[in-house]
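K.L.:
Got a predicted structure plus its sequence, pasted below:
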Amino acid sequence: MDEITHFIALPYDRTDGELVPGQQAKCASPAAAIEHAKHLWKTFGHAGAAAFVRTGHSGTKTTVLRTYGMVPGELEQERSRPESR
């Protein structure tokens, strides 16, 4: 079975001092996901946003492409690992 690939932009908002994910948006390409995440952060005023790729039948592998603003620590750690770039 072929792998399924999704390009996702996901905003984050601060609620009661915690970062919570908003509504994810599926995008057509990695570049589109990055631009959409940037737009969510800058234009709509979310605390932060992330662009990532999910691959596998059940989205088993996630690779962070880019983060903007405030995002959960585990996303920053994933992005800083050399094999995730």
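P.N.:
Looks like it came in fine.

K.L.:
Pull out the CA atoms of the strand ranked longest in the chain and give them to me as PDB.
P.N.:
Ranked by number of residues, the top strand in the chain under DSSP state E is strand 5-15. Provided in PDB are the C-alpha atoms of strand 5-15 (Å, rounded to 0.1, in the frame of the first residue of the first chain):
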ATOM      1  CA  THR A   5       1.400  12.200   2.800                       C
ATOM      2  CA  HIS A   6      -0.400  15.200   4.300                       C
ATOM      3  CA  PHE A   7       1.100  18.800   4.500                       C
ATOM      4  CA  ILE A   8      -0.400  20.500   7.500                       C
ATOM      5  CA  ALA A   9      -0.500  24.000   8.900                       C
ATOM      6  CA  LEU A  10      -1.500  24.200  12.600                       C
ATOM      7  CA  PRO A  11      -2.100  27.300  14.700                       C
ATOM      8  CA  TYR A  12      -1.600  27.500  18.500                       C
ATOM      9  CA  ASP A  13      -3.300  29.800  20.900                       C
ATOM     10  CA  ARG A  14      -2.600  30.600  24.600                       C
ATOM     11  CA  THR A  15      -5.500  29.600  26.900                       C
END
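
K.L.:
So what touches it?
P.N.:
Applying CB atoms under 8 Å, 6 or more residues apart in numbering, the contact partners of strand 5-15 are 19-30, 32-34, 36-37, 40-41, 44, 46-55, 59, 69-72. For the C-beta atoms, the positions are set from N, CA and C on the backbone; glycine is no exception.

K.L.:
Among those, which ones are in helices?
P.N.:
P30, A32, A33, I34, H36, A37, L40, W41 (DSSP state H).

K.L.:
Drop the exposed ones from the residues you listed and show what's left.
P.N.:
Those of these that meet the buried threshold are P30, A33, I34, H36, A37, L40, W41, by 16 or more other CB atoms under 10 Å.

K.L.:
In TSV: those, plus pLDDT.
P.N.:
Output for these, formatted as TSV (pLDDT from 0 to 100):
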residue	pLDDT
P30	97
A33	98
I34	98
H36	97
A37	97
L40	95
W41	95
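
K.L.:
Kind regards, and thank you for your time.
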